[in-house]
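*Asks:* Okay, sequence plus prediction incoming.
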Amino acid sequence: MKLAIVAVGHKQPDWLRAGCQEYLKRMPRELPTRIVEVKPEPRGARTREQLQAAEKMRILEAAGAGVRLIALDEKGSDLTTQKFAERLAAWMQDGRDTAFLIGGADGLDAELKQRAEATLRLSSLTLPHGMARLLLCEQLYRAVSLIRNHPYHRE
């Protein structure tokens, strides 16, 4: 199984890229994880819905066909780290590649959220998109650590 974090936006600060790469390099070989950056749609005079629809096409192309889509959204399920690890373990048993979707400044397209098998919320706080990437990378590593009974996670 492969994991992808498909995120709208680019040109993240070096410290953020370094943080994400640190957690991604710790992921086990059998669960390779990568970040795929999707170019944001130029704002111009278009509506939010038009911008989201244009980005949706890029997100789907970047995620690839036949993958499990997991949308990150402020209205998504609020999971504990333990519950997230249990979900990840179930997805690993299924074996299908999984893409976590992080929208741009206007969020994810409504149809894309409906197509997703799950919608997750990382925090009740408003996070910059780059921080959401970093937090997701860390939580994926933490979830794998829990699954493997590694001492990284302490309760």
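*Replies:* Nice, I can see it.
*Asks:* And the helices in the protein?
*Replies:* 14-26, 48-63, 81-94, 110-115, 129-147 (DSSP state H).
*Asks:* for the chain, which strand is longest?
*Replies:* strand 68-78 (DSSP state E).
*Asks:* can you count the residues close to Leu88?
*Replies:* 22 (other CB atoms under 10 Å). C-beta here means a position set from N, CA and C on the backbone, and glycine is covered the same way.
*Asks:* ok, it touching Arg142?
*Replies:* No: at 9.9 Å, Leu88 does not count as touching Arg142 under the criterion of CB atoms under 8 Å.
*Asks:* ok, now which ones touch the residue most central in space within the chain?
*Replies:* In the chain, the residue lying closest to the centroid (CA atoms, centre = their mean) is Phe100, at 3.1 Å. Phe100 sits next to 3-6, 70, 72, 120, 136 when contact means CB atoms under 8 Å, 6 or more residues apart in numbering.
*Asks:* which of those tops the neighbour count?
*Replies:* For the contacts of Phe100, the largest neighbour count, defined by other CB under 10 Å, is 27 neighbours, found at Leu72.
*Asks:* and the residue nearest to the centre of the chain, what are its bridge partners?
*Replies:* Per DSSP bridges, the residues bridged to Phe100 are Ile5, Ile70.
*Asks:* Give me the pLDDT value at Ser124.
*Replies:* Ser124 carries a pLDDT value of 88.
*Asks:* Excluding sequence neighbours, find me the nearest residue to it.
*Replies:* Distances taken as CB to CB, 6 or more residues apart in numbering put Asp78 closest to Ser124, at 7.3 Å, once the chain neighbours are dropped.
*Asks:* Distance-wise, check Lys11 relative to Arg142.
*Replies:* 27 Å (CB to CB, to the nearest Å).
*Asks:* ok and the least confident helix or strand in the chain by mean pLDDT relative to strand 68-78, angle-wise?
*Replies:* When each helix and strand of the chain is scored by mean pLDDT, DSSP states H and E, helix 48-63 comes last, with a mean of 92. Calculated by axes from the mean of the first three to the mean of the last three CA atoms, to 10 degrees, helix 48-63 forms an angle of 130 degrees with strand 68-78.
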